[in-house]
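Visitor: Here is my input, please return the structure:
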Amino acid sequence: MMELTRKGEYAIRGMVYLARQKSGETAQVSEVARAVEVPPAFLAKIFQDFARIGLIRSYRGSGGGVELGRPADQITLREVVEAVEGPIIPNRCLMSDYQCEQDPACQVHPVWRKVQTQVIRILDGVTLLELARK
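Guide: Numbers count the residues shown, from 1 in each chain. Modelled structure (predicted):
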């Protein structure tokens, strides 16, 4: 079963909060954590990882904080989910390094591929801006 972990849920909440901020406005991680009801240390670690890959920008010192790394309409839900959860793979047979003896004759493999394609398409079709407006 594909299930979003708590880390994934927290990441989405935090990123949607940042998407609601005015352009150029930073927020303290503690403020974001309090607003979206996420443990501050957990969110700080998620945001640290996101800063490394450019999903957010982090500024140190007084007046520092975090902001989205790109405009909210240019960050998809898929990017956020995959940054935390890894690639969307509904079954291990879709992993590139997985060797399945049943693969040549497997009737289910194309179904898993279709599931994967549809989930990716849906998540790619939702931006942080859309989520922030809801």
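
Visitor: burial measure for residue 119, as a count.
Guide: 16 (other Cβ atoms under 10 Å). Backbone N, C-alpha and C define where each C-beta goes, glycine included.

Visitor: sec struct for the closest residue to it other than its chain neighbours, please.
Guide: Excluding the flanking residues, the one nearest residue 119 by Cβ to Cβ, 6 or more residues apart in numbering is residue 88, at 5.4 Å. Classification of residue 88 by DSSP: H, G, I helix; E, B strand; the rest coil places it in coil.

Visitor: Wait, residue 88 touches residue 115, no?
Guide: No. Taking Cβ atoms under 8 Å as the definition, residue 88 is not a contact partner of residue 115, at 9.3 Å.

Visitor: now the most centrally placed residue in the chain, what's its secondary structure?
Guide: Nearest to the mean C-alpha position of the chain, counting by Cα atoms, centre = their mean, stands residue 80 at 1.6 Å. Three-state assignment for residue 80 (three-state DSSP): helix.

Visitor: who's in contact with it?
Guide: 8, 11-12, 15, 55, 128 (Cβ atoms under 8 Å, 6 or more residues apart in numbering).

Visitor: Just the ones in helices from the residues you listed, please.
Guide: 8, 11-12, 15, 128 (DSSP state H).

Visitor: so where's this structure shaky on pLDDT?
Guide: 1-2, 90-105 (pLDDT under 70).

Visitor: which of the residues in the lengthiest helix in it are buried?
Guide: Longest helix in the chain, counting residues (DSSP H): helix 109-124. Going by neighbour count (16 or more other Cβ atoms under 10 Å), the buried part of helix 109-124 is 109, 112, 115-116, 119-120, 123.
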